Structure formats: structure tokens, C-alpha cells
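Trainee: Using only what follows, build the 3D model:
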Amino acid sequence: MAKWGRSTPYTISLAAGLLVSMAINPPYSRNTTASSTAIEYLFNPNLARKVTVDAVLNSQESKFSLFAPAVNNKDWLFFIEASEYLKYKVQDHHAPIEEYPRFVTYKDPAIQHIARTITQSNRSKEDAAQALLDFVHDIVYDDSIERSAAKNYVRYPLETIVERNGDCEDMAILGAALMRAVGIDVALLYFPSDDAHALDHLALGVAGRFKGASWTANGKTYYFAETTGTLEPQRVARTRIGQDPDGFSKGRVEVLLLH
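Mentor: The predicted structure is shown next:
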């Protein structure tokens with residue numbers, strides 16, 4: 001096992017195809033073992049609120065390196081400061097459905113950089129929107145989150161990018177933030193379930209020249225975009241905007257407009 005020392009590099013594999021590389025001076029003694037406790041410290045918002053994070057927040061060497069393969073015909077490598085990630089990790093993560101739009105932090109500099117970099121070669125907003133949806137599809141949809149009281153909280157977009165997994169609202173919120181960051185009009189689509197044994201669903205609505213399942217709200221038409229679907233890294237979903245493979249467009253929907 002590696003040991004925590006000053007600026008000790010530590011690499012965790014969160015999902016196939018992604019490495020999170022960190023050089024952190026955490027608030028542990030030099031003899032603390034780098035173990036699941038350290039990972040839990042970073043990725044558990046309840047722990048993040050309770051412990052002192054100043055050592056991480058003030059370290060200029062602490063960053064995540066994120067690899068996204070084959071998006072918009074290119075492989076991408078992005079770096080995110082750990083302090084930016086932890087800034088969101090210590091926030092309140094619980095909110096009713098109608099407040100989900102506040103988690104769409106499209107003005108975040110890291111979100112804007114990722115969205116603009118990926119879409120810099122796209123000539124239309126429609127192509128840019130699909131490229132960003134493909135980026136979201138590289139993140140694993142973890143349906144176990146929905147059934148866990150400890151894990152089922154709303155994540156901010158930067159958290160989902162770093163942790164590389166999430167449930168339906170995490171994915172939809174991330175997609176909304178990335179698209180809105182490059183000027184694409186989006187909304188969140190909430191599908192309440194009438195079946196007591198089935199889960200509600202949250203997806204993304206994208207305005208533009210698309211075809212397929214759509215809804216109109218506030219004078220604009222939003223096309224269905226399924227942000228989930230990748231159950232394992234080796235089998236990445238690649239649904240198109242407007243496609244509704246699971247038939248959610250046949251049920252009730254609430255369109256949540258962004259602020």
C-alpha cells in the first residue's frame with residue numbers, strides 16, 4: 001500500500017478508461033495509509049463537510065486528469081483542480097425535483113472549458129449538442145445509486161465528471177450544464193412513474209433542429225435526449241437526440257426550465 005507523504009502521487013481507477021491522478025497534501029499524518037478511507041474522504045459529501053479540507057483546497061498540485069476517448073472523433077484529456085471539485089462536494093446535495101435546475105452550473109469555468117473544447121470544430125449547435133451528449137454517454141450509469149439512501153443525492157456536474165458515474169438526474173444535469181455552457185437551450189425532463197415499484201426518471205430536453213420525441217414549453221420545443229444507457233465502460237451508449245428507446249415520451253412529463 002502507498003503511504004501519504006508530502007505531495008505523494010496517488011492513482012485511483014474509478015472506471016475503465018479513466019485514471020484519476022492526484023498529488024495531495026491531505027489533513028492526515030505522514031503515516032496514514034492511502035486506502036478506501038482516503039477515497040471515501042474525497043467522494044463522500046457528508047465526510048467532506050466534517051473534515052478539514054484546507055490542505056487540499058490550498059494545494060496547487062492537486063488535480064484530476066480525465067481521459068474521454070472517441071468523442072467528436074477525438075480523444076480528450078482534461079485536468080480539473082481538486083479544489084474546484086471539493087468546492088461542490090461540501091455543498092448541500094438534497095433538493096426537491098423543482099429545484100434541480102439550480103444544480104446546472106453551466107457558468108463554472110471547468111464546465112465551460114470542457115464544453116467549448118469538445119465542440120470547437122462543430123459548425124452547428126445540433127452537432128455540438130450531440131457531441132456533448134456523447135461525452136456524457138462515456139460516464140457509467142449506476143442504477144444502484146437509485147436504491148441507496150447513502151448514495152442517492154443530487155450531484156453537481158463537476159462531481160459527476162470526476163467520479164465518472166451517476167444516476168439519471170446526475171447525467172441529465174451534467175448534459176444540461178455542458179450544453180448550456182455553449183449557448184444551447186436546454187431543459188430538464190421529469191417523468192414521474194405511476195407504478196409504485198418503478199423509479200421516476202430524469203432526462204434532458206434540447207432545443208434545436210432535431211426530429212423525434214419532443215415537448216413544448218414556454219414557446220420552445222425541447223427534444224428528448226437520453227443521458228443514461230452506458231451500464232459498463234466497454235459498451236458505451238450512443239443514442240441520438242430525439243430518440244426515445246425506452247418509450248418515456250408515452251408517459252407524463254414535467255418540463256423543468258433552467259433559471
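Trainee: For the stretch 1-150 of the chain, just list every one of the helices.
Mentor: 36-43, 45-50, 54-57, 82-89, 109-118, 125-137 (DSSP state H, counting those that start in this stretch).
Trainee: what's the least confident stretch among those?
Mentor: Here the helices of the stretch 1-150 of the chain differ in mean pLDDT, and the lowest is helix 36-43 at a mean of 42.
Trainee: Burial check on residue 212, number of neighbours?
Mentor: 13 (other Cβ atoms under 10 Å). Where C-beta positions appear, they are placed from N, C-alpha and C, glycine not excepted.
Trainee: repeat for residue 243
Mentor: Neighbour count of residue 243, defined by other Cβ under 10 Å: 16.
Trainee: need the contact list for it.
Mentor: Taking Cβ atoms under 8 Å, 6 or more residues apart in numbering, we find residue 243 in contact with 212, 213, 224, 226.
Trainee: need the contact list for the first one.
Mentor: Right, the one you point to is residue 212. Counting by Cβ under 8 Å, 6+ apart, residue 212 makes contact with 223, 224, 240, 241, 242, 243, 244.
Trainee: Nearest to residue 175 among those residues?
Mentor: Proximity of the contacts of residue 212 to residue 175 (Cβ to Cβ) peaks at residue 241, which lies at 10.1 Å.
Trainee: Sketch out the strands for the chain, chain order is fine.
Mentor: Taking DSSP state E, the strands of the chain run over residues 8-15, 18-24, 63-71, 74-81, 140-141, 165-166, 186-191, 201-206, 214-217, 220-225, 254-257.
Trainee: so which of those gets nearest residue 180?
Mentor: For those, the distance to residue 180 is smallest for strand 186-191, at 5.6 Å, taking Cβ to Cβ.
Trainee: The closest one pairs with which strands, parallel or anti?
Mentor: strand 201-206 (antiparallel), strand 254-257 (antiparallel) (DSSP bridges).
Trainee: residues making contact with it?
Mentor: 97, 100-101, 104, 172-173, 175-176, 179-180, 200-207, 215, 217, 222, 224, 248, 251-258.
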